[in-house]
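Trainee: Everything below, folded, please.
(chains A and B)
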Amino acid sequence: GEDVEQSLFLSVREGDSSVINCTYTDSSSTYLYWYKQEPGAGLQLLTYIFSNMDMKQDQRLTVLLNKKDKHLSLRIADTQTGDSAIYFCAEGDYTGRRALTFGSGTRLQVQP
Amino acid sequence: GAVVSQHPSWVICKSGTSVKIECRSLDFQATTMFWYRQFPKQSLMLMATSNEGSKATYEQGVEKDKFLINHASLTLSTLTVTSAHPEDSSFYICSASPPGQGSQPQHFGDGTRLSIL
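Mentor: You can find the predicted model right below:
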């Protein structure tokens, strides 16, 4: 079955860039997502990328996709304390009728 | 944009109570909705796929008689936790995808935190 893996923890200083990495196994993955979850809250969709793209930038967020290696990364520029949260990588197919497969989540800690 | 609403956001009840959680797609019709469960400090695990007008598809290890899913309309799916016990305490989240292939990502409700005493 599908598998998505992430590192569990990342600590950065405020103002630095954060890079959260994710690998996946399903070749049929079409959408690759990044969600943010703050303590006690639901999931916030940050950004997503189609599998035929290499990069997507949205303000402070940059997503890089290496389809050959099935590697996805999320870069947060100028990381702020408000960025402290758990970040989930997820993959899905083209139809939207298959549930997403989530990684274990990466806890980002931003130190002032 | 597409919005999925979940209600209630927080439930605290006694052991043995049945609890119903609603998931609504507010501005689109969803023939398929998904129910996930998240335990503390863990990722989301798919419980079941809710199909409008037909039976839900449950993941392995999820008791269909305990977690009743009803998807009676194109905008509403409900999850009922029957005779809930403390081990059912968790964060339950639903998601849905607007119709049309490849057009929009899945959208998630804000989740329901269920605490069974």
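Trainee: Direction included, what does the lowest-mean-pLDDT helix or strand in chain A pair against?
Mentor: In chain A, no helix or strand scores lower on mean pLDDT, DSSP states H and E than strand A:43-50, which sits at a mean of 90. Strands that pair with strand A:43-50, judged by DSSP bridges, come out as strand A:31-37 (antiparallel).
Trainee: so how far is the partner strand off the chain centroid?
Mentor: 5 Å (C-alpha atoms, centre = their mean, to the nearest Å).
Trainee: One more: stretch B:55-74?
Mentor: Chain-centre distance of stretch B:55-74: 9 Å, with C-alpha atoms, centre = their mean.
Trainee: tell me the pLDDT at the residue of chain B found nearest chain A?
Mentor: Chain B approaches chain A most closely through B:Ser97 (3.2 Å), counting by C-beta to the nearest C-beta. Just so you know, the C-beta spots here come from the backbone N, C-alpha and C atoms, and that holds for glycine as well. We have a pLDDT of 78 for B:Ser97.
Trainee: show me what contacts the spatially closest residue to A:Ser29 that is not a sequence neighbour?
Mentor: Spatial nearest neighbour of A:Ser29, chain neighbours left out: A:Glu91 (4.1 Å); criterion: C-beta to C-beta, 6 or more residues apart in numbering or on different chains. Going by C-beta atoms under 8 Å, 6 or more residues apart in numbering or on different chains, A:Glu91 touches A:2, A:4, A:24, A:26, A:29, A:31-33, A:100-101.
Trainee: does A:Glu91 have beta-bridge partners, and which?
Mentor: A:Leu32, A:Thr101.
Trainee: before we move on, what about A:Ile49?
Mentor: A:Leu32.
Trainee: how close does it sit to A:Trp34?
Mentor: Noted for A:Ile49: a distance of 9 Å to A:Trp34, by C-beta to C-beta, to the nearest Å.
Trainee: mind listing the strands for chain B?
Mentor: B:4-7, B:10-13, B:19-25, B:32-38, B:44-51, B:57-58, B:67-73, B:76-81, B:90-96, B:107-108, B:112-116 (DSSP state E).
Trainee: circling back: direction-wise, compare the least confident helix or strand of chain A with strand B:44-51 and give the angle.
Mentor: Strand A:43-50 and strand B:44-51 are oriented at 80 degrees to each other (axes from the mean of the first three to the mean of the last three C-alpha atoms, to 10 degrees).
Trainee: Buried residues, strand A:43-50. List them.
Mentor: By 16 or more other C-beta atoms under 10 Å in any protein chain shown, the buried positions in strand A:43-50 come out as A:43, A:46-49.
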